[in-house]
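Participant: Quick one: sequence plus predicted model below, questions after.
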Amino acid sequence: MAVVEEKYDIVVVGAGHAGCEAALAAARLGFETILFTVSMDSVALMPCNPNIGGSSKGHLVREIDALGGEMGKNIDKTYIQSKLLNVSKGPAVHSLRAQADKVEYTKQMRLTLQNTEHLTLRQQEVSELIVEAVDKNDITTDTPAGANNYSDELQKSDTKTGPYETAAESNNNAGKVKVVGIKTVSGAIYHARAVILCTGVYLKARCIYGDTIQYTGPNGLMAANHLSDSMADAGIGIRRFKTGTPPRIDKNSVDFSKMSEQKGDDRIVPFSFMNCEEDIRREQISCWLTYTNEETHEIIRENIDRSPLYSGVIKGTGPRYCPSIEDKIMKFPDKDRHQLFLEPEGEFTNEMYLDGMPSSMPEDVQYRMVHTVPGLENAKIVRNAYAIEYDCINAVTLAPSLEFKAVSGLFSAGQINGSSGYEEAAAQGLMAGINAARLLQEKPPVVLKRSDGYIGVLIDDLVTKETKEPYRMMTSRAEYRLLLRQDNADLRLTAIGHEIGLIDDARYNMFLAKKKYIESEVERLGTITVGASKTVADFLVAHGSTPLNTGNTLAELVRRPELSYNSILELDSGREEAVSELLSSMSDEERQYCERHEREITEQIDISIKYEGYIRRQEEQVSQFLKMEGRRIPADIDYDEVRNLRREARQKLKDVKPETLGQASRISGVSPADVSMLMLYLKK
């Protein structure tokens, strides 16, 4: 029987947030890419919460944008409310969060995909991986030509400990097979040089509430029921995870007078560094705050035996940091109420998302517990809450490049890797797309360190620490979070995005102009001294600050909590001339960019000066971290030859196959003493 047979450079399976970023990165780097989805309606779908960003997740979106990804641009186009969280705390934990118009978000991302050169979007279920034995002659043993063509910015740092590793050090073709394409349920064959799995929660998915079990993906979309078996046949271990979503409420049935209105911020902070407030400002839509109560909790307790979570129907492991409402009630009996946020799902729909009440309780129980909530006494449920179980992998089977260690050319990104959240998925998808392209370019993979960004922390945690539950990014997971702020993601990562090829020269030059502006002003303020004159004393007293006893630099004044770069303008008589001279040295495009982003530049100047001591201290910590992180472990090491390793450590090291001593030190079950023994062995 005749079947369709086509050839592409890269196949991406799944068009969720990971798949979209992976496909766009691969195509933008010039590779013919095909992106498969079980339904065009599932492209960049938000089946759960209708927002992008939030604590630590906002950092990820900003980093995606700095590297040349799409998520930040897309939410800037489609947000309906914007808030900067944790503003009462330090800048390290400030996080941007935006409510999205879910339909518009999907529509705009699909439009971007369809208008991207070298990218084909295809609705079809992928059912099988096509693999074949690896030819030993294909295994790379030398650094490929061009592997060290780093940008000028990157050459300033030690490339041995930078985000790029040599192909010889990071090559994982020691596996028995390589992927050469995929098959679909129709029998069509698509040959490919690399395949990226971004299957989300669709693999053998089933949605559950009460006794009702539906073998579908989220929102009733078709599940992908065949690919898991093919993955297992290729030697990939499969496990089951679970997540959940709350009911959707009809807005017309809500009494908002019993709830607290939650408005967006007056100042709009864009996710994309290419946008400023004036580019994206729009009228915002409010969210609403209410609470559960003892009556809600009693209904849940009375019916807990009917919950699939507690009856044993649900087998998959759920997320610790986003528990169902029944889990909250049973595990925290001392709490007399829990927050619930009623959030609009879009501008042109009456559906509202009841954030804080994910559940798998039976339908009748859902109605009863919702009706106990103030403002929802007469609420109509548009969509039931449900839990969803799905197949995923243990990400320790992946290299830091997100390529499978045992299957050459096969990459994996998103919730299939055991993570949760749109932002975590998109970040992995971007890196998998980049590294699949670099594999075909015969360039070393891009592996961000934990000191480079939250993306580095995320991927390192997934591929090093065996996650036994859906992984969620949190600021507490980042050791160097003062350096990894969301406001400076472009300063940290744009040079890398440019070297990769996802940041064009025009954007890169604008970034360099902004960087020059910040550095020039910080340096200038450190060289200008003001004395203890009456004029200065009067100024300081008027601004609630202590008068000087001796001369201070303007930078030392900015360092005071009550003062800032803008507030000391009266004392900075040379600023206008200095800034004017600086801007005049730029091209028209660069100057306009700096003028449009003056507020962000000013904030960077303030942060650089105010936190200088803390930043320097953390940079010293990073320097120590890099000494261990940069120590490579040979791919052919025999851990049985390393003396005095504990049995558990020996087995964990064999399973994970860490690439560096730093990665080995973060493996669960490997103690500092084990690392010392390994270090001594490597020295010998």
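Facilitator: Sure, I can see it.
Participant: Tell me where the stretch 51-200 of the chain has helices.
Facilitator: In the stretch 51-200 of the chain, the segments counted as helices under DSSP state H, counting those that start in this stretch are 57-67, 71-78, 102-114, 152-155, 167-170.
Participant: tell me the angle the second one makes with helix 57-67.
Facilitator: Following axes from the mean of the first three to the mean of the last three CA atoms, to 10 degrees, one obtains 110 degrees for the angle between helix 71-78 and helix 57-67.
Participant: Just the mean pLDDT for helix 71-78, thanks.
Facilitator: Model confidence over helix 71-78 averages 98 on the pLDDT scale.
Participant: Just give the number of residues close to Lys657.
Facilitator: 19 (other CB atoms under 10 Å). For glycine as for every other residue, the C-beta is placed from the backbone atoms N, C-alpha and C.
Participant: Ramachandran angles for the closest residue to it other than its chain neighbours?
Facilitator: Closest residue in space to Lys657, ignoring its immediate chain neighbours: Lys405 at 6.2 Å, by CB to CB, 6 or more residues apart in numbering. Main-chain dihedrals, Lys405, degrees, to the nearest 10: phi -70, psi -30.
Participant: Distance check, the residue of the chain positioned farthest from its centre against Leu540.
Facilitator: For the chain, the residue at maximal distance from the C-alpha centroid (CA atoms, centre = their mean) is Lys534, at 51.7 Å. According to CB to CB, to the nearest Å, Lys534 stands 11 Å off from Leu540.
Participant: who touches both of these two?
Facilitator: Contact with both Lys534 and Leu540 is made by no residue, according to CB atoms under 8 Å, 6 or more residues apart in numbering.
Participant: follow-up on the earlier one: what about the residue farthest from the centre of the chain? Give its phi and psi, please.
Facilitator: According to degrees, to the nearest 10, Lys534 has phi -70, psi -40.
Participant: In terms of pLDDT, where does it sit?
Facilitator: For Lys534, pLDDT reads 93.
Participant: same check, this time on the one 4 residues further on
Facilitator: The predicted structure scores Asp538 at 95 on the pLDDT scale.
Participant: Same question for Ser676.
Facilitator: Ser676 is given a pLDDT of 86.
Participant: Next: the one 3 residues further on.
Facilitator: Here, the pLDDT recorded for Met679 equals 87.
Participant: check contacts around it.
Facilitator: By CB under 8 Å, 6+ apart, the contact set of Met679 is Arg631, Leu661.
Participant: Looks to me like it is in a helix.
Facilitator: Yes. When DSSP: H, G, I helix; E, B strand; the rest coil is applied, Met679 is found to be in a helix.
Participant: please begin residue numbering at 7 from this point
Facilitator: Right, with 7 as the first residue, what we last looked at is Met685.
Participant: Against Val676, how distant is it?
Facilitator: Taking CB to CB, one finds Met685 at 12 Å from Val676.
Participant: just Ser425 next, same as before
Facilitator: Applying CB to CB, the value for Ser425 to Val676 is 22 Å.
Participant: do the same with Ser259
Facilitator: 55 Å.
Participant: who has more neighbours, the two?
Facilitator: Neighbour count, other CB under 10 Å: between Ser259 and Val676, Val676 has more, with 23 against 16.
Participant: before we move on, what SS does the more buried one have?
Facilitator: Look at Val676: counting by three-state DSSP, its state is coil.
Participant: show me what contacts it?
Facilitator: Ala655, Lys658, Leu659, Ala670.
Participant: redo that, cut-off 10 Å
Facilitator: With contacts defined as CB atoms under 10 Å, 6 or more residues apart in numbering, Val676 is in contact with 470, 651-652, 654-656, 658-659, 662, 664, 669-670, 684.
Participant: buried sites along stretch 639-656?
Facilitator: Ile639, Ile643, Tyr645, Val648, Leu651, Ala655, Arg656 (16 or more other CB atoms under 10 Å).
Participant: oh, I was asking about stretch 670-682
Facilitator: Result for stretch 670-682 [16+ other CB under 10 Å]: buried residues Ala670, Ser671, Arg672, Ile673, Gly675, Val676, Asp680, Val681.
Participant: Report the lowest-confidence entry in the residues you listed.
Facilitator: Lowest pLDDT of the buried residues of stretch 670-682: Gly675, 82.
Participant: Give me the nearest residue to it, chain neighbours excluded.
Facilitator: Gly675 sits nearest to Lys658 (CB to CB, 6+ apart), 4.4 Å away.
Participant: Now do the one you found against Asn650, distance only.
Facilitator: In terms of CB to CB, Lys658 sits 15 Å off from Asn650.
Participant: any idea how far the residue nearest to Lys663 is from Gln657?
Facilitator: For Lys411, the distance to Gln657 - CB to CB - is 16 Å.
Participant: cool, Val9 as well?
Facilitator: Val9 is 44 Å from Gln657, where distance means CB to CB.
Participant: The two: who's more crowded?
Facilitator: Gln657 (13 against 10).
Participant: what about the more buried one, distance to Pro406?
Facilitator: Here Gln657 is placed at a distance of 20 Å from Pro406 (CB to CB).
Participant: again, but for Gln345
Facilitator: Distance of Gln345 to Pro406, given as CB to CB: 37 Å.
Participant: Check Glu134 too.
Facilitator: 27 Å.
Participant: Which one's more surrounded, those two?
Facilitator: Pro406 (25 against 19).
Participant: How about that one: what's its closest non-neighbour residue?
Facilitator: Val453 (4.4 Å).
Participant: Would you mind listing where the stretch 157-306 of the chain has pLDDT under the threshold?
Facilitator: 157-181 (pLDDT under 70).
Participant: The stretch 457-606 of the chain now?
Facilitator: Those would be none, if you go by pLDDT under 70 across the stretch 457-606 of the chain.
Participant: Go again with 90.
Facilitator: By pLDDT under 90, the low-scoring segments of the stretch 457-606 of the chain are 471-474, 482.
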